[in-house]
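> Got a predicted structure here, sequence first:
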Amino acid sequence: MTGHATHHTDAMTLAHTVPNESATILVCNCGSSSIKFAVVQPSDGTQPISGIAECLGSDNANVQWRRDEGQRQHQALAGADHGQALQAIVAIIDQAQIPAPLAVGHRVVHGGDRFTASALLDAAMLQEIQAVSHLAPLHNPANLEGIAAAQAAYPSLPQVAVFDTAFHQTMPQHAYRYAVPEAWYRDHGVRRYGFHGTSHRFVAHQAAMLLDQEPCSLALVTAHLGNGCSAAAVLGGQAVDTSMGLTPLEGLVMGTRSGDIDPGIIAFMAQRLGRSAEAITNALNKESGLLGLSDGLSNDMRQLVEARDNGHPGAALAIDVFCYRLAKHIAGLAVAMGRLDAVVFTGGIGENAVPIRSQVLSHLHLFDIQEDPQRNARHGAMSNGRISQDDGGIALVVPTNEELQIARETLAVVREAEGESA
Ligand code: ADP
């Protein structure tokens, strides 16, 4: 399979140049039964309005939103589908009396190896996204449904797809290939793609700013730790390896996903339980990870930390495995770069879980990284994100902002397209 370079590669460079204009972008993240949305000002990240439509397709469908930092508002949308929900969202944005957005930026989970950058959506692009949808059957169809609904709601606005996978397309072949029969790769696209690319790209760039260095000079491991977790090696601003693979199941221990396991377990457990491979894979996605290790206690790290502190052995084990496996991946990713200038924590766990960061760093003394407990307790707020001691290796906390990154990339793609057609 060959990479398909879009004509928007330069837009990625532009996307990191903070625009000094007042245009806003509507950012949409469509799931199978939800639409997260935000009108974002790419120049400063402010969100004049943001919200979520949930339970779409059911009697409980509803939309919640807030203006700036104001009160949350709520409207029932019983039985609404994606299209009807987006119409309601457009009406809410209109009523908010804020300037109309310049374009719509869509999160699209899987771009396969066809998309190396964000892309302006036209009929051909939609077909290409459709063509890779078998790689993310739970996500891409919902993303496409959201795009169709947004096109119907805003027929005159440019729409841009921002892919979770695109940032990782710079991985070298030895990092993205599996040691499986060549025909699996050639005929079925079985390779590592990586996800959370928007977040890894954003925090790698922010980390360079906090360190007062050019992104091109740095070797970083970024660890995005939310419900899903992944780590990436970012050398000179480009991804060179990552922990997730063909699907978001590979790599780190996550809320309900197992991360790396012996692939032999699937056939073994299918046979032991008399269940299908799909059923076992489903259990690896939904009943494993922190939830599985804690014997069903919780997939929520906050709850697990509390339970461990109260003596729950399952919670302690889940946290121990989570931290050890993350540290092991960080060390492995350093190999991809030949050095490690900084480890960057982000996502709900990475940004907030002081004891988890502390435990991960305790495994990384071979990189000469020593936690500074006071800085860690303040999430690096008073020390440019730094939670490690001044001498020695660097660990940072960098809040992610995927909406802002999507808004910036969308604006950059639109501006570049305007330049091309001028
Ligand atoms: P998503 O991937 O759904 O966007 P988030 O990035 O919001 O998820 O991360 C959710 C995770 O962050 C949950 O496991 C949650 O418990 C954890 N988290 C949030 N705040 C804290 C905290 N103060 N301490 C520990 N874990 C936290």
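Looks like it arrived, so ask away. Bear in mind the structure is a predicted one, so any value in this text is a computation, not a measurement.
> ok now do Leu317, which residues does it touch?
By C-beta atoms under 8 Å, 6 or more residues apart in numbering, the contact set of Leu317 is 293-294. In short, each C-beta sits where N, CA and C put it, glycine included.
> Surely it is in a helix?
Yes: counting by DSSP: H, G, I helix; E, B strand; the rest coil, one finds Leu317 located in a helix.
> For burial, what's the neighbour tally of Arg114?
For Arg114, the neighbour count with other C-beta atoms under 10 Å is 23.
> Hmm, Gln127 and it touching each other?
No: under the criterion of C-beta atoms under 8 Å, Arg114 makes no contact with Gln127, lying 10.5 Å away.
> nearest spatial neighbour of Ile52, skipping sequence neighbours?
By the measure of C-beta to C-beta, 6 or more residues apart in numbering, the closest residue to Ile52 outside its immediate chain neighbours is Lys36, 4.9 Å from it.
> pLDDT at that neighbour, what is it?
Per-residue confidence for Lys36 comes out at a pLDDT of 96.
> Other residues contacting whichever strand or helix holds it?
Here Lys36 is covered by strand 35-40, with elements defined by DSSP states H and E. Taking C-beta under 8 Å, 6+ apart as the criterion, the residues outside strand 35-40 that touch it are 24-30, 46-53, 56, 65, 82, 85-86, 89, 93, 98, 101, 146, 149, 403-404, 406-407.
> are any of the residues you listed buried, and which?
Those of the contacts of strand 35-40 that meet the buried threshold are 24-30, 47-53, 56, 65, 82, 85-86, 89, 93, 101, 146, 149, 403-404, 406-407, by 16 or more other C-beta atoms under 10 Å.
> Quick one: residues contacting Val190.
Val190 makes contact with 178, 180, 184, 246 under the criterion C-beta under 8 Å, 6+ apart.
> check contacts around the one residue sitting closest to the centre of the chain.
The residue lying closest to the centre of the chain (C-alpha atoms, centre = their mean) is His196, at 2.6 Å. His196 makes contact with 164, 224, 228, 230, 232, 244, according to C-beta under 8 Å, 6+ apart.
> can you do 7 Å?
With contacts defined as C-beta atoms under 7 Å, 6 or more residues apart in numbering, His196 is in contact with 164, 224, 228, 230.
> repeat for Phe163
108, 111, 115, 118, 197.
> From those residues, pick the one nearest the ligand.
Distances from the contacts of Phe163 to the ligand were compared by C-beta to the nearest ligand atom; the smallest belongs to Gly197, at 14.2 Å.
> Check the gap between Ala175 and Leu157 for me.
For Ala175, the distance to Leu157 equals 37 Å [C-beta to C-beta, to the nearest Å].
> swap in Leu26?
In this structure, Leu26 and Leu157 are separated by 8 Å, where distance is defined by C-beta to C-beta.
> tell me, what's touching these two both at once?
Contacts common to Leu26 and Leu157, judged by C-beta under 7 Å, 6+ apart, are 101, 104.
> Could you say which helix or strand holds the closest residue to the ligand within the stretch 251-400 of the chain?
Distances between the stretch 251-400 of the chain and the ligand by C-beta to the nearest ligand atom are smallest at Gly348, namely 2.1 Å. Using DSSP H and E, Gly348 sits in helix 347-352.
> Give the rounded mean pLDDT of that helix.
When the per-residue pLDDT values of helix 347-352 are averaged, the result is 98.
> which other helices and strands contact that helix?
Where contact means 3 or more C-beta pairs under 7 Å, 6 or more residues apart in numbering; DSSP states H and E, helix 347-352 is packed against strand 219-225.
> can you do 8 Å?
Applying 3 or more C-beta pairs under 8 Å, 6 or more residues apart in numbering; DSSP states H and E, we find helix 347-352 packed against strand 219-225, helix 301-309.
> If you compare the directions of the longest one and strand 219-225, what angle comes out?
Going by axes from the mean of the first three to the mean of the last three C-alpha atoms, to 10 degrees, helix 301-309 is angled at 80 degrees with respect to strand 219-225.
> what comes up buried for stretch 315-323?
315-319, 321-323.
> ditto for stretch 266-273
For stretch 266-273, using 16+ other C-beta under 10 Å, the buried residues are 266, 269-270.
> and the residues you listed, which of them are in helices?
Judged by DSSP state H, the subset of the buried residues of stretch 266-273 located in helices is 266, 269-270.
> ok, so of those, who is nearest Ala336?
Taking C-beta to C-beta as the measure, Ala336 lies nearest Ile266 of those, at 27.3 Å.
> Okay, that closest one and Leu120: tell me how far apart.
40 Å.
> And for Gly236, nearest residue in space, chain neighbours not counted?
Nearest non-adjacent residue to Gly236 (C-beta to C-beta, 6+ apart): Cys216, at 4.6 Å.
> Oops, could you answer that again for Val180 instead?
Counting by C-beta to C-beta, 6+ apart, the nearest residue to Val180 once its immediate chain neighbours are dropped is Val190, at 6.1 Å.
> still on that earlier bit, so which of the buried ones among the contacts of strand 35-40 sit within helices?
With helices taken from DSSP H, the overlap with these comprises 82, 85-86, 89, 93, 146, 149, 403-404, 406-407.
> which of the residues you listed lies closest to the ligand?
Of all these, the ligand sits closest to Glu403, with 11.4 Å by C-beta to the nearest ligand atom.
> hmm, back to that, so what's the residue nearest to Ile52 bridging to?
Partner residues in beta bridges with Lys36: Asn29, Ile52, with DSSP bridges as the criterion.
> any idea how far it lies from Gly197?
17 Å.
> Looking at those two, which is more packed in?
Neighbour tally, Lys36 and Gly197, criterion other C-beta under 10 Å: the higher count belongs to Gly197, 26 against 18.
> Pull the number of nearby residues for the closest residue to that one other than its chain neighbours.
Excluding the flanking residues, the one nearest Gly197 by C-beta to C-beta, 6+ apart is Phe167, at 3.1 Å. Look at Phe167: counted by other C-beta under 10 Å, it has 29 neighbours.
> my read is Phe167 is in a helix, agree?
Yes: remark: Phe167 belongs to a helix, assigned using three-state DSSP.
> which residues touch it?
Counting by C-beta under 8 Å, 6+ apart, the residues that Phe167 touches are 194, 197-198, 200-201, 232, 239.
> That one and Asn299: what is the separation?
Between Phe167 and Asn299 the distance, using C-beta to C-beta, works out to 26 Å.
> try Tyr193
Distance from Tyr193 to Asn299, by C-beta to C-beta: 24 Å.
> neighbour count winner among the two?
Per other C-beta under 10 Å, whichever of Tyr193 and Asn299 has more neighbours is Tyr193, with 29 against 22.
> right, and the more buried one touches His110 too?
Yes: applying C-beta under 8 Å as the test, Tyr193 and His110 come out as touching, 6.9 Å apart.
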